[in-house]
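1. Build the 3D model from these lines:
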Amino acid sequence: MGNTSSDQIVYNGETKKEELTKQSGPFRNPRYRSLDEFAKDHTNTTLISRLQEGFKKYGKNKCTGWRKPFLNKKKEVDFSPEFSTYTYEEIWTMATTLSKMLEKLNLVPVKIYSKDKNYDEEKGNFKILGLFARNCAEWIVTDIACQLNSTTTATFYSTLGDEAFEHIFNQTMLETICISPENINVLIKYHEKYKFKSLKTVIVFDATQYSNIEDNNKLENIMKNLNISVYYFSKLVAAKPEELKDVKITMSSPETILTLCYTSGTTNLPKGVKTSQLNLGVGVGFDSIDYPITENDVHYSYLPMAHILERGCIAALLREGASTYFISGEPKKYLAAEIALVRPTFLVTVPRVLSLFATIIKDGFSKLTGIKKLLVERALETKEANFDNNGSITHWFYDKYVFSQIRNRFGGRISCFMTGSAPLPVELARSIKIFFSVPIIEGYGMTETSGGLTGSSFFDLRNYTTGGCFEACTFKLVDVPEMNYHSKTTDSEGRICPTGEICAKGLNITKGYFRDRKNTEQTIDKDGWLHTGDVGRIVSEDKGLKIVDRVKEIFKLAQGEYIAPSKLEGAYSLSPYVEQICIYGDSLRTFIVAIIFPSRIKLKMFLVSKALLNNDAPLEEVDQFFTHEYVQNELRDSFKKIAKEKNFNPLESISKMVISKEMFTLDNGLLTDTMKMKRRSFQTKFEKEIAEAYSS
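-> Model (predicted):
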C-alpha cells in the first residue's frame, strides 16, 4: 500500500468567494454538496430512526459480545474464556420492553427546569435518565430504550470527581440512575455526602455484569434506609408483552435531546452538552473517511461510552449490522489480552493508547538477541526507508516474517486505526503504520460537534492533517492576532496557509449547554458559529485541516511575550526521549519549564551506548539517571535541535526540566477523560519541583 499523493486528495475548499474580515473560509469538503442542500434533505433525520432500520435489516446478526463473570477459587471476579453474544433482534426486544417498563413505572417523569440560584431555565419538558456504568450490552439497550420514548440520558463516569458528580445531579435533578455493580459504592458514598434530594430509584445492570443475591440484599437494605427503590435490569427486560400492551411510548423527534454528554473540563465544572437526535443522526457514518462499515466488521469497545467518540462509533456500527464486543474490566488488565480474543477489524483509539502499543512493541524488540535482533533491525530500517521515500507501509517479506507477529498479538485482522481526542504525533503515527502495516485515520472534533468535524481518508497514509470537513457541517478560521495567526499565515516554505481559531456550523453542532446560558453564549456566537478554542491551519499540500494550537491556553511571560504551550508540546514531543510533555509558564518568570514523562526505552538505549547501563538491565534502573547531568544534557540537545528546526524564539526554548517518574493519566488527575492536560493540576502536583527549577 503506497502513499496517496497530495494531488489526488483535496480535503477542503472555500465555499464562498467573498471578502472576509479577519477570518478565512468558510471551508467545506469539495466532495460533498453544499451544506444548505444537505440540511434540506436531513431536516427530519433522527438517530433512532436510522438505528431502527439497521435492527430490522440485521436482526439475526451478532450485535454485542461479553464474557460471563463468575467468582473464581480466590473469590475474585473472573470471566469465561469465550464471549457470549446477543443478536440485534434480542437487543431490540429488550430495549422496547425496557422503554415501556420505564414508562409504566414512571421511573423517568417529565420535568420542567426553571431558573434557580445556581442554574438557568431550560425551555421545554424533559425526561432525563442517568447512566453511570461501564461499557456493556445493558448500556446500549438502555440508550435505545430512552430514544424510543423521547427520553434524554445524562452520562456519568468514575473519574468525574466529587464536585462534578454533585453538580450534574443538582443540575439535572435526576430521579433514576442506571448503574453497573462496581459503581454502586461510589454512588452510595456521594449520596451520603451530598444527600441528592431528587434521587428515588436505582436500576442495577445485572444481565452481563457480576451480581449475586447476597450483594443485592445488602444493596436493597442500604437503599431502603436512604428511601431509594432498587430495580434490576434483568427483571425489567423480562416483562411479558401482555403486561405492557396498553403502555404508549413516543419516539424521539429530531429536536429531542438524545443525551447530555458532560465534558470533563480542564479547569471548571463539566458542562452538559446538549446533543440532539438530529445532531448524532447526521453525524453517524464513516463515509466521509472512506471507510464504510459493513456487517462483517467487529469492534472492540474499551473507550468510555460516556463520551461522544465511542457513543458515535457504536451508533454507526448498529446501523450497519456490525458487532461490538465489550472490554471486561480496566484496560490496563484486559486490553491486550482481549484484543487477541475479539480480533477486531479496526480499532478506535487515542494517541495515548497508540503510544503505549509502540512502547510495548519497542520494548519487545530491545530484548531480542542474535539473528532475531538483526532481522528486526533490518526490517525496521527497510520499512522506514520505504515509507520516507514513497509512503509505502507494507513489505512483501518483512510483513510476513516479522511484523505479522505483532499483528497477530492484536488479533490479526486490524485493517486500520481510527484516532481522535488529541493530536497524533507524526513520529508515533509513522511507527504504528510500519509496525502494523495499516493506515491511521485521524479525526478532529469535540463533544460539541457530536464527535466529528473533520477526518482524514483511509487512503491517505501521510497523517499530515485531520483531513476534510464532514458532510453535516462547515468551518471557518478566525484570526487570532495576539498569537499572530491570520489568513495570510505562511509555512516554513513561505506558502500561504490560512490559520485561526476553528469555528463550526452545521447540523451536527450542539445548540448549547444544559441550563448554562453564560457558557453557551461564550461558545456559540449570535450567528450560530461554535468557537472551538482550537487553532487550525489549512495546509498547502492537500488543503487538510491541521490542529496547531489552543487559543485559551496561551500565557504571558514576564517580558510580556505570549507563549502557546500546546504548540511547543506538539513540537517537543517529537523528541525520541519524550513520552509526554507539559509546558509550564508563569507571568512573573522569564522562561518556561518542561514537565516530562520520558521514554525509558530510548533513555536506556542512550545509557547503554555510553556504557552507563547494561543492555539486560530492567527499565526501572533508568530512573536513577534522570537527574544526572549527561541525561539532562542529552534531553536539552534534543530539544535544541527541534527548536532550531521549528525556528522557535529563545523564550520558546527549553532549558529547565522536571522529569516525572509517573505517566500523566486520568487516575493521577493530570489528564481529562478526553486526554487533555489539566494544567492547574500540573501546577499543584509539581509545585515543589517547578519552584526548584526556577530557583536553580
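
2. quick one: the helices in the stretch 201-350 of the chain?
-> For the stretch 201-350 of the chain, the helices defined by DSSP state H, counting those that start in this stretch occupy 213-225, 233-236, 277-283, 308-320, 331-342.

3. Please write out the alpha-carbon positions of the third one in PDB.
-> Once side chains and other backbone atoms are set aside, the C-alpha atoms of helix 277-283 remain, and they are given as PDB (Å, rounded to 0.1, in the frame of the first residue of the first chain):
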ATOM      1  CA  GLN A 277     -31.300  13.300  17.800                       C
ATOM      2  CA  LEU A 278     -30.600  15.300  14.700                       C
ATOM      3  CA  ASN A 279     -27.000  16.100  15.800                       C
ATOM      4  CA  LEU A 280     -26.000  12.500  16.200                       C
ATOM      5  CA  GLY A 281     -28.300  11.200  13.400                       C
ATOM      6  CA  VAL A 282     -26.500  13.100  10.700                       C
ATOM      7  CA  GLY A 283     -23.100  12.600  12.400                       C
END
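
4. quick one: contacts of it?
-> 38, 42-43, 45-50, 147, 252-259, 311-312, 315, 449-452, 470-472, 507-510 (Cβ atoms under 8 Å, 6 or more residues apart in numbering). The C-beta positions use only the backbone N, C-alpha and C, and glycine is treated the same way.

5. which among the residues you listed end up buried?
-> Burial by neighbour count, judged by 16 or more other Cβ atoms under 10 Å, picks out 38, 42, 45-50, 147, 252, 254, 256-259, 311-312, 315, 449-452, 470-472, 507-510 from these.

6. What distance do you get for the closest residue to residue 608 other than its chain neighbours to residue 373?
-> The shortest distance from residue 608 to any non-neighbouring residue, by Cβ to Cβ, 6 or more residues apart in numbering, is to residue 615 (5.2 Å). Residue 615 is 10 Å from residue 373, where distance means Cβ to Cβ, to the nearest Å.

7. now do residue 603
-> Distance from residue 603 to residue 373, by Cβ to Cβ: 20 Å.

8. higher neighbour count, the two?
-> Shown here are residue 603 and residue 373; by other Cβ atoms under 10 Å, residue 603 has more neighbours (22 against 13).

9. Am I right that the more buried one sits in a strand?
-> No: the assignment for residue 603, made by DSSP: H, G, I helix; E, B strand; the rest coil, is helix rather than a strand.

10. I'd assumed residue 631 was in contact with it.
-> Yes: Residue 603 lies in contact with residue 631 (Cβ atoms under 8 Å); the separation is 6.6 Å.

11. list residues touching both of those two?
-> With Cβ under 8 Å, 6+ apart, residue 603 and residue 631 have common neighbours residue 625.

12. Excluding chain neighbours, what is closest to residue 409?
-> Spatially, and ignoring its direct neighbours in sequence, residue 409 is nearest to residue 340 (6.2 Å; Cβ to Cβ, 6+ apart).

13. State the distance from that neighbour to residue 81.
-> Residue 340 sits 12 Å away from residue 81, going by Cβ to Cβ.

14. Compare these two and say which is more crowded by neighbours.
-> Set side by side, residue 340 and residue 81 show more neighbours around residue 340, with 12 against 8, by other Cβ under 10 Å.

15. what's near enough to touch that one?
-> Shown in contact with residue 340 (Cβ under 8 Å, 6+ apart): 408, 409, 410, 411.

16. Among these, name the buried ones.
-> The neighbour-count test (16+ other Cβ under 10 Å) applied to those identifies 409, 410, 411 as buried.

17. Can you tell me which of those residues is nearest residue 92?
-> Closest to residue 92 out of the buried ones among the contacts of residue 340 is residue 411 (27.9 Å), distances taken as Cβ to Cβ.

18. what does the model give residue 452 for pLDDT?
-> Model confidence at residue 452, given as pLDDT, is 89.

19. For the spatially closest residue to it that is not a sequence neighbour, grab the count of nearby residues.
-> Counting by Cβ to Cβ, 6+ apart, residue 445 is the residue found nearest to residue 452 once chain neighbours are left out, at 4.3 Å. If you count neighbours by other Cβ under 10 Å, residue 445 ends up with 24.

20. In contact with residue 445, which residues?
-> Contacts of residue 445 (Cβ under 8 Å, 6+ apart): 308, 309, 420, 451, 452, 453, 454.

21. list the contacts for the second one?
-> In this structure, residue 309 makes contact with 303, 348, 420, 421, 445, 451, 674, judged by Cβ under 8 Å, 6+ apart.

22. separation between it and residue 95?
-> The gap separating residue 309 from residue 95 is 22 Å, by Cβ to Cβ.

23. List the contacts of the helix ranked longest in the chain.
-> In terms of residue count, the longest helix belonging to the chain (DSSP state H) is helix 370-390. Residues outside helix 370-390 that contact it (Cβ under 8 Å, 6+ apart) are 2-3, 365, 368, 392-393, 395, 398, 401-403, 430, 433-434.

24. for stretch 38-49, same thing?
-> Contacting residues not belonging to stretch 38-49 are listed as 32, 144, 147-148, 251-254, 256, 258, 277-278, 280-282, 284, 315, 471-472, 506-507 [Cβ under 8 Å, 6+ apart].

25. What of stretch 229-237?
-> For stretch 229-237, contacts defined as Cβ under 8 Å, 6+ apart pick out 94, 97-98, 101-102, 105, 107, 138, 141-142, 178, 200-207, 211, 216, 219-220, 223.

26. How is the chain divided into domains?
-> By the assignment in automatic domain parsing, the chain contains the domains 13-41+346-550, 47-70+84-252+292-342, 555-695.

27. what's the spacing between the shortest one and its chain's center?
-> Put plainly, it is domain 555-695. 24 Å (Cα atoms, centre = their mean, to the nearest Å).
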